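1. Sequence and predicted structure below; questions after.
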Amino acid sequence: MKNLKISGPTALVGAAFMYAMFGVFIRIMSHMWGNFAQVAVRFTLAAIIVFIYLSFRKNKVSFPKDKLKNVVALGLTFPILVLLLTFSYQRTTIANTTFLLYAGSILSAFAIGTFVMREKINTNKIVAILLALVGISLYSSALFTFNSGVFLGLAAGLIDGVSNTLRKSLGGIDRMAVLRIQYGVASVLLIVLTFVSQETIITKFNTWSLIITFLYAFLLIGLANLLLYGFHHIDVNIGTIILSSELLFATLIGYVIYREAPSPHEVIGGLFIFSASILSGINARAIRSTIKTERTPR
C-alpha cells in the first residue's frame, strides 16, 4: 500500500467495513482459542508477516527516533483496546459495547483533536458529531445500565480516540516500518498477558478457526495501513466519525450472514451515522480544497 491512491475518507470507510467483518471472524475463532490467546495469536502472526515482508523488500526502512515513543504507545494501546472489547462483549450486549466504543471514541477524539492538536471546529464538524451521537444513542440504552461491560466498552472507546490520535502523529512514515514496531510490541504484551491469565490457549482444534486466524492476520495488516493512511489525510474528529459507519456495515453483515434483522431504531441509528460519515467526507474535501487554495500563488 506504499503508493495508495485513495482519499483519507475512502480509506477509513474501507477500514470501517473491515472492522465490521472482524466480528464474524472473532465468532469463528472463539471455537478454538481462549480470549487472550485469540488476540495474541492474530497479532503475533501479523508481526511475523510484516517482519518477513520487510526482510525481502529491497528498500530497507528506517524509523525516525523521535517517533519511537508514539508507535510504542500505539503498540500498547491498540491490543488493550481489543482486549477490553472482547471482555465487554461477554458482559453486556453487542449493541451496548459498540455504542460505548464509538461514543467514547468520538468524545475522546474531539477533546484531543480540539484541545491538544488545535484542530479547527466548524459547523459541519459539530453537525456531524451530533448526527453520529444521536445515531449511536439509538442502538442501546447503555448509559443507563451500570455494569462492568458498560465501563469496559467506554474505556475501549476512550483508548480508541487516543490510538487514532497516535496514528495521525505517525503520518508520512513508512507504514510497514510502523507496523513492525507496533505489532512487535503488541505481540510481546499479549503473549505475556496470555500466560499470566493462565487460560486455556486452545480449547478445541477447529480447521475453520485456524484458517480464519491466518486470514485475520493478513487483514489486520491491511486494516492498519488503511488507518495510518486515512488519519494522515484527515483530522481526528472527522476520521473517528467516519469509522463509526462500522455500525451500519455491521447491521448489514449481521443480516446477510446471520439473518439478524435490525430493529426499527437500529435502522434509524444507522442512517444517522451514515449521514454523519457522508457529511464528514464532504467537510474533509472542503478543508483540503481550502488549504490548496490558500497555498496556490496568486
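-> The structure has been received and is ready for your questions. None of the values given here were measured: they were computed from a predicted structure.

2. Can you show me the helices along the stretch 51-200 of the chain?
-> 68-91, 94-111, 123-137, 148-169, 175-197 (DSSP state H, counting those that start in this stretch).

3. what does the last one rub up against?
-> So that's helix 175-197. Taking CB atoms under 8 Å, 6 or more residues apart in numbering as the criterion, the residues outside helix 175-197 that touch it are 1-2, 34, 36-37, 39-40, 43-44, 46-47, 50-51, 53-54, 57, 61-63, 68, 71-72, 74-76, 78-80, 83, 170, 201, 221, 224-225, 228-229. C-betas here are computed from N, CA, C, even on glycine.

4. So what angle separates the directions of it and helix 148-169?
-> Orientation check (axes from the mean of the first three to the mean of the last three CA atoms, to 10 degrees): helix 175-197 against helix 148-169 gives 150 degrees.

5. Using PDB, write down the CA coordinates of helix 175-197.
-> Once non-C-alpha atoms are left out, helix 175-197 reads as follows in PDB (Å, rounded to 0.1, in the frame of the first residue of the first chain):
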ATOM      1  CA  ARG A 175       3.600   2.300   7.200                       C
ATOM      2  CA  MET A 176       5.200  -1.100   7.300                       C
ATOM      3  CA  ALA A 177       8.100   0.300   9.400                       C
ATOM      4  CA  VAL A 178       5.400   1.500  11.900                       C
ATOM      5  CA  LEU A 179       3.700  -1.900  11.900                       C
ATOM      6  CA  ARG A 180       7.000  -3.800  12.500                       C
ATOM      7  CA  ILE A 181       7.400  -1.900  15.800                       C
ATOM      8  CA  GLN A 182       3.700  -1.700  16.700                       C
ATOM      9  CA  TYR A 183       2.900  -5.400  16.200                       C
ATOM     10  CA  GLY A 184       6.200  -6.400  17.800                       C
ATOM     11  CA  VAL A 185       5.300  -4.500  21.000                       C
ATOM     12  CA  ALA A 186       1.700  -5.700  20.900                       C
ATOM     13  CA  SER A 187       2.700  -9.300  20.400                       C
ATOM     14  CA  VAL A 188       5.100  -9.300  23.400                       C
ATOM     15  CA  LEU A 189       2.500  -7.600  25.600                       C
ATOM     16  CA  LEU A 190      -0.300 -10.100  24.600                       C
ATOM     17  CA  ILE A 191       1.800 -13.200  24.900                       C
ATOM     18  CA  VAL A 192       2.800 -12.100  28.500                       C
ATOM     19  CA  LEU A 193      -0.900 -11.400  29.300                       C
ATOM     20  CA  THR A 194      -2.000 -14.800  27.900                       C
ATOM     21  CA  PHE A 195       0.400 -16.700  30.100                       C
ATOM     22  CA  VAL A 196      -0.300 -14.500  33.200                       C
ATOM     23  CA  SER A 197      -4.000 -15.200  32.700                       C
END
